[in-house]
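Undergrad: Mind folding the following:
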Amino acid sequence: MALSDTLRSWARRIKRDGVTLWFACKNPGIPLLPKLLCMFVVAYALSPIDLVPDFIPVLGYVDDVLLLPGLIWLAVRLIPNSVLVASRAQADAWLEEKRKKPTSRWGVALVLSVWLAIAYGAWLTLR
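TA: Residues are numbered from 1 along each chain as shown. This is a model prediction of the structure:
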């Protein structure tokens, strides 16, 4: 298997697991801490805007290449197996039907809140 095929397969699994977490958040069978982590990861992963914009050299892709896959991996590991299997089946069906990942308004609110907090902190520091 070529490197490009391996990377494409990995990217598809990450996308599917992001949608899997979206369905897992709705499941009452998840303990509180993993549910909160799933909600945070889903909000960020499905946000149409990035915390660090991609046009910023190197840092713009760090969240896409390291941070997000790491958070998805951690959240998937914390979900009970029965919930994970059911959520993955729902995610596969949803992606097959819609052919795109969902978007998150909560994710936009999360990213904008972080940007505003950073701007406010910089303003307090520099005034």
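Undergrad: Contact partners for the one residue sitting closest to the centre of the chain?
TA: The centre of the chain sits closest to A45, judged by CA atoms, centre = their mean, with a distance of 2.5 Å. For A45, the contact set (CB atoms under 8 Å, 6 or more residues apart in numbering) comprises G18, L21, L68, L71, I72, S104, G107. The C-beta positions use only the backbone N, C-alpha and C, and glycine is treated the same way.
Undergrad: Can you give me the distance of it to L21?
TA: Per CB to CB, to the nearest Å, A45 is found 7 Å from L21.
Undergrad: Please apply the same query to A119.
TA: A119 is 29 Å from L21, where distance means CB to CB.
Undergrad: These two: which is more packed in?
TA: Higher neighbour count among A119 and L21: L21, with 28 against 10, using other CB atoms under 10 Å.
Undergrad: what about the protein, any weak spots by pLDDT?
TA: 1, 4, 7, 100-101, 103 (pLDDT under 70).
Undergrad: For it, which segments are assigned as helices?
TA: In the chain, the segments counted as helices under DSSP state H are 3-25, 32-45, 59-62, 68-78, 81-98, 105-126.
Undergrad: ranking the ones you listed by burial, who's on top?
TA: helix 32-45 (a mean of 19; mean count of other CB atoms under 10 Å).
Undergrad: Please name the residues that touch the nearest residue in space to C25 that is not next to it in sequence.
TA: Take C25 and drop its neighbours on the chain: the residue closest to it by CB to CB, 6 or more residues apart in numbering is C38, 4.8 Å away. Counting by CB under 8 Å, 6+ apart, C38 makes contact with L21, A24, C25, I30, A75, L78, I79.
Undergrad: right, and the pair among the residues you listed with maximum separation?
TA: Greatest spatial distance among the contacts of C38 (CB to CB): C25 and L78, at 12.3 Å.
Undergrad: need the helices of the chain in JSON lines with distance to L51, can you?
TA: Shown next, in JSON lines, are these (distance: least, CB to CB, whole Å):
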{"stretch": "helix 3-25", "distance to L51": "15"}
{"stretch": "helix 32-45", "distance to L51": "7"}
{"stretch": "helix 59-62", "distance to L51": "10"}
{"stretch": "helix 68-78", "distance to L51": "10"}
{"stretch": "helix 81-98", "distance to L51": "23"}
{"stretch": "helix 105-126", "distance to L51": "5"}
